[in-house]
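>>> curious how this folds, go ahead:
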Amino acid sequence: MGHTVTLALRTPCNYIVALEAFVGIGHQWSHVFLAYYIFSGINVVPFRTCFFMMIVSFICAKLSYCLFIVLAIDRLYIILWPSKYRTMKKGLYIFTLVLFANIFGVSMAIMSYIEMEPNYNSPVICYLPSVTGPTASRFTYIFQNSICGIGVALNVFFWLIMRFKRVIRDKEAIKKVTRTITVYCSLVLIFFQSASLVIMSMQYIILPPVEKNVISLYAAIFINMLVCSNYFVYFAMSVDFRNEFKRQLYCIAAVMPGVKNVVPSPPTSIIKVTATRRTTVIF
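Take a look at the predicted model:
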């Protein structure tokens, strides 16, 4: 069954959203190694082994935090300089933003490697925070909390402009955009910032190492809940994303035996989406 894909989602903002989802997969991949060690009864591994197993997931996790700021910058660019945004070279623009977003993760990875080398045989419980030593860990949590705080501040600034400057005449569209920003920033503050503060505080609280790791693992559940919430937020808040998600679910169900009849066929509007739609989506 043929279909044409809406161009409403083919904007720099939504390419960055897609990249954020992709690096989220890399972030979550670290749990495969953690689960293997937990269920195999191997409690600790050498620091060096853990470092190289987790380093890709580590960089992906830090990149996803920076993309939160990048998305806020992109949204502000759209509404503050719309004419420049429409005429700029989109490929170079996206490449520059992603390169900027990678600086934090790569820098922390290099710092962690330097700190790891003298202690490469030290036993550690292999999960994502174990990649960093004490000094790198302190810098990592300070920077990533600062990054998320700046991201929230930029999104609040964007929210205020949308709400009071009336850069878009459609009041319903303004409500949708500001509602999305409100929900996602609230989730960042509730889940990410609170969990990061708990994990960071473990460096200053006197407890046995095992108890510190257990508390950090439980706190990290909230960070992972935030990572997994993106799909549901965009599904609930954006019609374009919702239609694409429904089409994807139908395509998956169509090739899975026993599931095809459970997922209803998508409406015609999802199968045949107009190719002339070029609205800039800032969700």
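
>>> can you give me the helices for this structure?
For the chain, the helices defined by DSSP state H occupy 12-28, 30-40, 47-80, 82-87, 90-116, 134-160, 171-187, 194-201, 209-237, 239-254, 268-271.

>>> those helices: which one's closest to Pro123?
Pro123 lies closest to helix 47-80 among the helices of the chain, at 7.6 Å (Cβ to Cβ). For every residue, glycine as well, the C-beta is placed using N, CA and C.

>>> pLDDT (mean, whole number) over the closest one?
For helix 47-80, mean pLDDT rounds to 87.

>>> show me which residues of that helix are buried.
Across helix 47-80, burial judged by 16 or more other Cβ atoms under 10 Å covers 47-48, 50-51, 53-55, 57-79.

>>> before we move on, what about stretch 118-135?
Buried residues in stretch 118-135 (16+ other Cβ under 10 Å): 124-133.

>>> mind listing which of the residues you listed are in strands?
Judged by DSSP state E, those include Val124 as members of strands.

>>> which one of the buried residues of stretch 118-135 is nearest Ser107?
Closest to Ser107, out of all of the buried residues of stretch 118-135 and judged by Cβ to Cβ, is Thr132, at 11.8 Å.

>>> any idea how far Leu99 is from that closest one?
Distance, Thr132 to Leu99, by Cβ to Cβ, to the nearest Å: 23 Å.

>>> now the buried residues of stretch 118-135 as JSON lines including pLDDT and distance to Met225?
Shown next, in JSON lines, are these (pLDDT from 0 to 100; distance: Cβ to Cβ, whole Å):
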{"residue": "Val124", "pLDDT": "79", "distance to Met225": "25"}
{"residue": "Ile125", "pLDDT": "80", "distance to Met225": "21"}
{"residue": "Cys126", "pLDDT": "81", "distance to Met225": "22"}
{"residue": "Tyr127", "pLDDT": "80", "distance to Met225": "16"}
{"residue": "Leu128", "pLDDT": "81", "distance to Met225": "15"}
{"residue": "Pro129", "pLDDT": "77", "distance to Met225": "17"}
{"residue": "Ser130", "pLDDT": "78", "distance to Met225": "21"}
{"residue": "Val131", "pLDDT": "81", "distance to Met225": "21"}
{"residue": "Thr132", "pLDDT": "79", "distance to Met225": "22"}
{"residue": "Gly133", "pLDDT": "73", "distance to Met225": "27"}
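
>>> out of the helices of the chain, deepest packed?
Neighbour counts (mean count of other Cβ atoms under 10 Å) averaged over each of those peak at helix 47-80, with a mean of 21.

>>> that one packs against which elements?
helix 12-28, helix 30-40, helix 82-87, helix 90-116, strand 123-124, helix 134-160 (3 or more Cβ pairs under 8 Å, 6 or more residues apart in numbering; DSSP states H and E).

>>> so can I have a markdown table of these showing distance to Cys228?
Output for the helices and strands packed on helix 47-80, formatted as a markdown table (distance: least, Cβ to Cβ, whole Å):
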| stretch | distance to Cys228 |
| --- | --- |
| helix 12-28 | 8 |
| helix 30-40 | 11 |
| helix 82-87 | 31 |
| helix 90-116 | 20 |
| strand 123-124 | 26 |
| helix 134-160 | 17 |
